[in-house]
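coordinates for the following, if possible.
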Amino acid sequence: YEYSTDGTNFQVNNTFTNLIADTYTITIRDDMGCTRSYNVAVDQPSEISVNHTENKPTCPESVNGSIGLTVSGGTGAKTYFWTGSGIVVPSVKDQSGLGTGSYSVRVTDENSCYIDYPIILESANPTPTPTLDSDATNSTICAGDIITFTAGSGGEYVFYLNGSEIQARSTDNTLVASSLSNQDEVSVIAYSTAGCMAESLPIVVTVNPVPTVTAPADFSVCEGGLVTLSGTGNADVFTWDNGVNDGVSFTPTETLTYTVTGEITATGCTATDEVVVEINPQTSPGTLSGGDNICEGSTSGVLTLTGYTGSVIRWEKSVDPFDTWTEIAHTQDTYTSNPLSETTRFRAVVQNGVCDAMESNYTEVEVTPTPVAGNIDGNNLVCAGSSPTLTLIGYNGTIVRWEYSANGTIWESNEDSDPTFYAPVINQITQYRVE
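Numbers count the residues shown, from 1 in each chain. Below you'll find the predicted structure:
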C-alpha cells in the first residue's frame, strides 16, 4: 500500500510528520491502483499565553522591583528560565529584588512547546539631574579665599571633596569652603523628593598661591623725621595705604598703622602685612633748679628737673675747670648728690624715644671748704698799759670776729675781720681767740 495526504504524492510509510493542526484527507492506494480515502483531524493544545504584573523600582538605582507572571495554555506543568541583570534563581516563576532593565523569560510546557516573553522594567521615578556651580570665575581662587558652591535640581544634597563627604545630607544646597588646595574636586549627590539620587560632574578648583609680603618691623621716628616704607617678598607690586608710595620717603605727622598689599599680577592674588610707625615728639630738656652754697662734706640737696619732654636717661656732673662731664647713673627727675668736697655743676640728660638726647641747663653747687682755725701769732708778753698786735696765721676761711677775755669765761667781741688785730690797751693777763 501507498499513502497520501493530498491524493497526489504517495509514500510507502504510513506515518506523516511535521503536520500542523488541520483536517487531512488520507488516501490509501493498493497495487491495483484502487484507492480509498477518509478524513483525519489533527488537533493541537492551545498556545501558551503569558501576561505579567510588575512593581517598578522606586528609582533607577533601586533594586526593589518585582515581576509576577500569569500563564495559560500549553500542556501540563510549565518550566521557566529567566535572563536579565539581577536574576538570582532563573527557574523561579515570579522574580523580585529587580532593578531597571530588560528581562526575558522562556516558558516551556510538557510538550516542549515554549514562548519567550520579554519585559522592560522602568523606574517609578526619574533620576534627578543635579547641577553644581561656583561663585568664582572659572572656579579659580587664591589660597585662603572663600568659594561658594551651589547645587540644584534636588530636594536634599550631600557634598563631597575629592570623593569624601564634606557636608552631610540636608536641604542646604550650598557649600562654603575656605581652605581648598589646587586641583581639589568638589561634587554633589542630589536626592529627589522620592529619594532618587544622582551625582553631579565634579568642579575642579584652581587655587593660586598668594605672595609672601613683609612690612618692616614696628619702629619709632622723631617728630619731623623722614620715613621710607618698602614691602619685601615675591609679589610683583607693593602698594601702601595712607597715601604712601613704596620706597618713597615721607614725613609722618602722627602715629599710624600702615598696611602694605603685595600682588601677583598674573593671578591677582594678594597678601598684606602692616607696620606701626610711632611719632616721638622732639626732646625738651626742661629746667633744672636747686643747688645752694654748702659746706664741704655736705650733699647737694635736692636738685629738681621740671618741664621736660621725654625720659631722664642720666645725670652728669662737672668740676673746675668745668670742661668735662662725668656720667651719673640716675634716671629720676630729682637728684641728691653724695657729700661734696668741691664746687660741682650738675645737669640732667633727657631723651624722648628715638629723638636726640639733650642736656638741661646746669645748676652749680658751691662748696665752701671746712674752715681751719689757724694760730694767733704775736708778742704774748707786753707791759701793762700796752696795746698788743696779734696776727692769725695758717687759717682757712673768713674771719668773723676777734674775741678776748680777762677770765676765760666772759668774752668780749670785736667785729674785726682782718687777720691782724690791734687789741685795746690791757693792764692784766688777757686771752684772745678768733672765730
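
hmm, residue 277 is touching residue 222, no?
No: applying Cβ atoms under 8 Å, one finds residue 277 not in contact with residue 222, separated by 11.5 Å. Just so you know, the C-beta spots here come from the backbone N, C-alpha and C atoms, and that holds for glycine as well.

looking at the two now, which is surrounded by more residues?
In this view residue 277 and residue 222 are compared by other Cβ atoms under 10 Å, and residue 277 has more residues nearby, 19 against 15.

tell me the backbone dihedrals of that one, please.
Per-residue torsions, residue 277: phi -110, psi 110 (degrees, to the nearest 10).

partner residues bridging it?
Going by DSSP bridges, residue 277 is paired in beta bridges with residue 219, residue 256.

tell me the spacing between it and residue 56.
According to Cβ to Cβ, to the nearest Å, residue 277 and residue 56 sit 75 Å apart.

residue 360 too?
Per Cβ to Cβ, residue 360 is found 102 Å from residue 56.

and residue 299, by the same measure?
Per Cβ to Cβ, residue 299 is found 111 Å from residue 56.

neighbour count winner among the two?
Taking other Cβ under 10 Å, residue 299 and residue 56 do not tie; residue 56 has more neighbours (16 against 13).

wait, doesn't that one sit right on residue 65?
Yes: using Cβ under 8 Å, residue 56 makes contact with residue 65 at a distance of 5.7 Å.

intersection of neighbour lists for those two?
Residues touching both residue 56 and residue 65 (Cβ atoms under 8 Å, 6 or more residues apart in numbering): 121, 123.

can you read off the pLDDT for residue 391?
On the pLDDT scale, residue 391 is placed at 88.

what pairs with the helix or strand it falls within, parallel or antiparallel?
Counting by DSSP states H and E, the element that carries residue 391 is strand 389-393. Strands that pair with strand 389-393, judged by DSSP bridges, come out as strand 375-378 (antiparallel), strand 420-422 (antiparallel).

that strand: what's the following helix or strand?
As assigned by DSSP H and E, the chain's next helix or strand after strand 389-393 is strand 402-405.

by contact count, what packs against the helix or strand just after that next one?
Moving toward the C-terminus from strand 402-405, the first helix or strand encountered (DSSP H and E) is strand 412-414. For strand 412-414, the packing partners by 3 or more Cβ pairs under 8 Å, 6 or more residues apart in numbering; DSSP states H and E come out as strand 402-405.

export the strand it packs on as PDB, just CAs?
In PDB, the C-alpha atoms belonging to strand 402-405 read as follows (Å, rounded to 0.1, in the frame of the first residue of the first chain):
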ATOM      1  CA  TRP A 402      88.000 138.600 117.300                       C
ATOM      2  CA  GLU A 403      87.200 137.900 120.900                       C
ATOM      3  CA  TYR A 404      89.100 138.500 124.200                       C
ATOM      4  CA  SER A 405      88.600 137.700 127.900                       C
END
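
which residues does residue 59 contact?
Applying Cβ under 8 Å, 6+ apart, we find residue 59 in contact with 123, 124, 125, 127, 192, 194, 195, 196, 197.

any idea how far the residue nearest to residue 22 when sequence neighbours are not counted lies from residue 433?
Leaving aside its chain neighbours, residue 22 sits nearest to residue 42 (5.9 Å; criterion: Cβ to Cβ, 6 or more residues apart in numbering). Look at residue 42 and residue 433: by Cβ to Cβ, they are 184 Å apart.

next: residue 292.
29 Å.

same check, this time on residue 100
140 Å.

which one of these two has more residues nearby?
Per other Cβ under 10 Å, whichever of residue 100 and residue 433 has more neighbours is residue 100, with 20 against 14.

and that one, what does it touch?
57, 60, 62, 65, 121, 122, 123.

let's see 7 Å
Residue 100 makes contacts with 57, 60, 121, 122, 123, as judged by Cβ atoms under 7 Å, 6 or more residues apart in numbering.

how about the helices in the chain?
Counting by DSSP state H, the chain has no helices at all.

so what's the residue nearest in space to the middle of it up against?
The chain has residue 144 as the residue nearest its centroid, 9.1 Å off, counting by Cα atoms, centre = their mean. Residues near residue 144 by Cβ under 7 Å, 6+ apart: 178, 210.
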